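*Asks:* sequence first, predicted coordinates after that:
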Amino acid sequence: MIKKIQLFNFISPLLVKLRYRNKKDPFFEFSKIIKGNIIKHGKSDNGIILITPIRVSPVSNLFEGLIGKFYQLKGEEVRVLMCNQSVEYCENFTKFNNRNIACALCKKEQQRFSNFFKLDAIKANECVSLDDIKEIKQIINERDFNAKEDFYFDGIDLYNAITSAVMRHTLKSEIYENIYLLKKYAFTAFFYSRVISNLNNKIRIKTLISSHGIYSTWGSIIDTCKKFNIYSIVWGRGYIGQGNLLFGKNSSYHEEFIYEKPAYKNDHKFTEVEKAEVLSYYKKKMEPNSKVDYINYYKDLQNNDNEIDSRLDEIAQSDRIIFGMYTNIPWDGEMLKTTENFPTTRIFVKSVIEWFDNNPDCLLIIRAHPAEVSREEGKGTETFEDLLLSEFEILPKNVIFIKPDSNITSYMVSNIVDANILFGSTMSLELAIQKKVIIQGGKNEVSFKNIVYDAHDKVTLYKYLDKVKSKELCVTDEMYNNALKYGYYWIKKRHIKDTSVVLDKLLFQEYTFDNTEEFLNDEMLNFVTKKISNKERIIYD
């Protein structure tokens, strides 16, 4: 294993050349604009700003380089934490990747990141001792990871960090008893938790900036920072616009969206102009060739489902009660959307279909997520159809399944149904703004906000399904107004426009600044760092 990695490390400059052969290199382009600016600090009594790319790619880590350099030029002491091939397993690859190539290319990108942004790197393997490693391995060897407490390390619950990493590796929504992978990713999580503990003891961490906030690397880092009350910002790029920025305070932004109190002000007078903006955005989003987001999963679908298309016309004319159900990629974000009573997508889906099996006079149309076709992992990942057919070899006659590559969109289905069933999907908000009845079994940004009918257990789920059947469930005026207000908040307040770069489908095109002065005056970087200095949530006021 070591010899293979060393071989690929040797050819990593060639791998980098191949990566940028047909596109711009954002790290190199930055170094041409901001030249020779590096500030050497003595030890800061204030503490450091720690940025944790861990693994590096130009698409995923450009923001971290920019904000790190911005802080450095403003006189802050900045460090970036890099993996430096410290662990055998991380989120840089799945079972379908060549681990050696991915690891070698990542290490080279880490070096380039530090060199071009002139930010001092801390190598993770230099933050732990041999005794630390021995202790971690001994703990893991003594555990079978069948009990929740097996996922604790130094008093920190790292269950979500470890299990989400296994799901990402296998591209499956359930980990079953994959002890080998659980132990591999447990080592990664325990290792990075100890890295942060040791670092904070040595050079106090004032602020942490990280991406994702989940998986065995970033997730364990964020959870450890919570223990030490380190103020943390977790960032990512949303779908709105060309990769506008989303932020969470002391947690992943997904988690913050779920548990934040309704952020729209009830005393705020929601204007007709604001309402028109929300309705216009979501109307455009439903168009087959929509460009309001940087990605459109329906745009290139070719499969004309003529048979189902004609059936939908017939169904729309019938008197039956019809439900639509729109799925996620099963493994993606599973740990964030599940609830105590619906701990997996499988359990929720099984509960739904059992209700329809007992209510043959109602009809369910399931539309699989189109991203199962367009994602790179699409030819190896667990699909919703896999999960569905593993539970039901033959679907009940009143359940219709529409494959992910069908040209019949979820929006088309939603227009002919009486109610919609979702499991922690962002589509909940889109449909709520269309004033459609939504029964949601999992958690997402509209949960607990009186926008959808939250059904976090089987009894509540069946109660709402029964009410739809008896035509007793409807969207109240309050729910609809909440959806409109939250929709405005979501697209206008939550998504922070990145004024520093021009992106096209997240690929770097150019910077918006031509010199250091313009860089230091960048609107987004000044806004974000001001919020951080005040330890505030990063949203537009």
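*Replies:* That came through, no problem. Residues are numbered from 1 along each chain as shown.
*Asks:* tell me the helix or strand right after the least confident helix or strand in the chain by mean pLDDT.
*Replies:* Lowest mean confidence among the helices and strands of the chain (mean pLDDT, DSSP states H and E): helix 2-10, at a mean of 66. Counting by DSSP states H and E, the element after helix 2-10 in chain order, helix or strand, is helix 12-19.
*Asks:* mean confidence for the very next helix or strand once past that next one?
*Replies:* Heading C-terminal from helix 12-19, the first helix or strand you meet, by DSSP H and E, is helix 26-33. For helix 26-33, mean pLDDT is 95.
*Asks:* residues of the following helix or strand past helix 26-33 that come out buried?
*Replies:* Next in sequence after helix 26-33, counting helices and strands by DSSP H and E, comes strand 48-54. Using 16 or more other CB atoms under 10 Å as the burial criterion, the residues of strand 48-54 that qualify are I48, I49, L50, I51, T52, P53, I54. No exception for glycine: its C-beta is placed from N, CA and C like everyone else's.
*Asks:* likewise for stretch 354-363?
*Replies:* For stretch 354-363, the neighbour count (16+ other CB under 10 Å) marks W355, F356, N359, C362, L363 as buried.
*Asks:* just for the stretch 351-500 of the chain, where's the confidence low?
*Replies:* 374-380 (pLDDT under 70).
*Asks:* the helices in the stretch 401-541 of the chain, which residues?
*Replies:* 410-414, 427-432, 458-469, 477-488, 516-520, 523-533 (DSSP state H, counting those that start in this stretch).
*Asks:* out of those, the one nearest D332 is which?
*Replies:* D332 lies closest, by CB to CB, to one member of the helices of the stretch 401-541 of the chain: helix 427-432, at 13.7 Å.
*Asks:* so which elements touch that closest one?
*Replies:* Helix 427-432 is packed against strand 419-422, strand 438-440, helix 477-488, with contacts defined by 3 or more CB pairs under 8 Å, 6 or more residues apart in numbering; DSSP states H and E.
*Asks:* so what strands line up beside the second one?
*Replies:* Sheet pairing here is set by DSSP bridges, and for strand 438-440 it gives strand 419-422 (parallel), strand 453-454 (parallel).
*Asks:* list phi and psi for A455.
*Replies:* Main-chain dihedrals, A455, degrees, to the nearest 10: phi -130, psi 80.
*Asks:* now do the same contact list for it.
*Replies:* I439, Q440, G441, L461, K463, Y464 (CB atoms under 8 Å, 6 or more residues apart in numbering).
*Asks:* tally of neighbours for the fourth one?
*Replies:* Counted by other CB atoms under 10 Å, the residues lying close to L461 total 23.
*Asks:* about what we covered before: reformat the helices and strands packed on helix 427-432 into a markdown table and put distance to E523 and mean neighbour count next to each item.
*Replies:* Below are the helices and strands packed on helix 427-432 laid out as a markdown table (distance: least, CB to CB, whole Å; neighbours: other CB atoms under 10 Å):
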| stretch | distance to E523 | mean neighbour count |
| --- | --- | --- |
| strand 419-422 | 36 | 26 |
| strand 438-440 | 36 | 27 |
| helix 477-488 | 21 | 19 |
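*Asks:* now V195: closest residue in space that isn't a chain neighbour?
*Replies:* Excluding its sequence neighbours, the residue lying closest to V195 (CB to CB, 6 or more residues apart in numbering) is C127, at 4.4 Å.
*Asks:* distance check, that neighbour against D361.
*Replies:* Computed as CB to CB, to the nearest Å, the C127 to D361 distance reads 63 Å.
*Asks:* go on, S414?
*Replies:* Noted for S414: a distance of 21 Å to D361, by CB to CB.
*Asks:* and if you look at E135?
*Replies:* With distances taken as CB to CB, E135 is found 61 Å from D361.
*Asks:* among the helices of the stretch 401-541 of the chain, which is the most enclosed?
*Replies:* Ranked by average neighbour count under the criterion mean count of other CB atoms under 10 Å, the helices of the stretch 401-541 of the chain are headed by helix 427-432 at a mean of 24.
*Asks:* save the strands paired with strand 438-440 as JSON lines, and put in distance to F247 too.
*Replies:* Output for the strands paired with strand 438-440, formatted as JSON lines (distance: least, CB to CB, whole Å):
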{"stretch": "strand 419-422", "distance to F247": "25"}
{"stretch": "strand 453-454", "distance to F247": "25"}
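*Asks:* alright, that wraps it up for me.
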